[in-house]
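# turn this into a structure:
(one chain, ligands or ions: 2)
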Amino acid sequence: MDCIFCQIVAGEIPSETIYQDEEIIAFRDINPLAPTHLLIIPKRHIPSLTHLSEAESPIIGHMVNIANQLAEREGISQSGYRLVINCGEEAGQIVPHIHLHLLGGRRLTDNFG
Ligand code: 5GP
Ligand code: ZN
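Ligands and ions are numbered 1, 2, ... in the order given. Just a heads-up that it's a prediction; the model follows:
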């Protein structure tokens, strides 16, 4: 498997993992765009939202729930934070394994591109 995030899940590529359970892991983005920039991903390889079946879709709710808890832990629950999932090339998805960005710790622009 040459998926970089599957390799992070397998521990083959080091990451600053800050949460994991049976279904997901969360780690710090290697190229942070904000003081808090975490990635929350399913352990199972799902290439993008387009590939997410209805049966698999509860994983997204779980990812959001954990993101909310991590935002609290990072101290940005009150100041505000943004959750983003890019899907496909024109949205800027680089890594073909679903990931939820958690961004916060500074005032984010309202530019959605
Ligand atoms: P995308 O553009 O696909 O939505 O976001 C991919 C994100 O993964 C980028 O923010 C990028 O910095 C991050 N990333 C890519 N490779 C690695 C890696 O090996 N380790 C970590 N921690 N983050 C990575
Ligand atoms: Zn993968």
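# now the helices: where do they sit in the protein?
Applying DSSP state H to the chain gives helices spanning 4-9, 58-74.
# you'd agree Ile41 is up against His97?
Yes. Ile41 is within contact range of His97, at 6.3 Å (criterion: CB atoms under 8 Å). The way it works is simple: take the backbone N, C-alpha and C, and place the C-beta from them, glycine included.
# so what sits against both of the two?
Phe5 (CB atoms under 8 Å, 6 or more residues apart in numbering).
# now do the longest strand along the chain: which elements does it pack against?
If each strand of the chain is counted by residues according to DSSP state E, the longest one is strand 36-42. Here strand 36-42 touches helix 4-9, strand 24-28, helix 58-74, strand 100-104, going by 3 or more CB pairs under 8 Å, 6 or more residues apart in numbering; DSSP states H and E.
# mind listing what's buried along the third one?
It refers to helix 58-74. Counting neighbours by 16 or more other CB atoms under 10 Å, one finds that the buried residues in helix 58-74 are 59-60, 63, 66-67, 70-71, 74.
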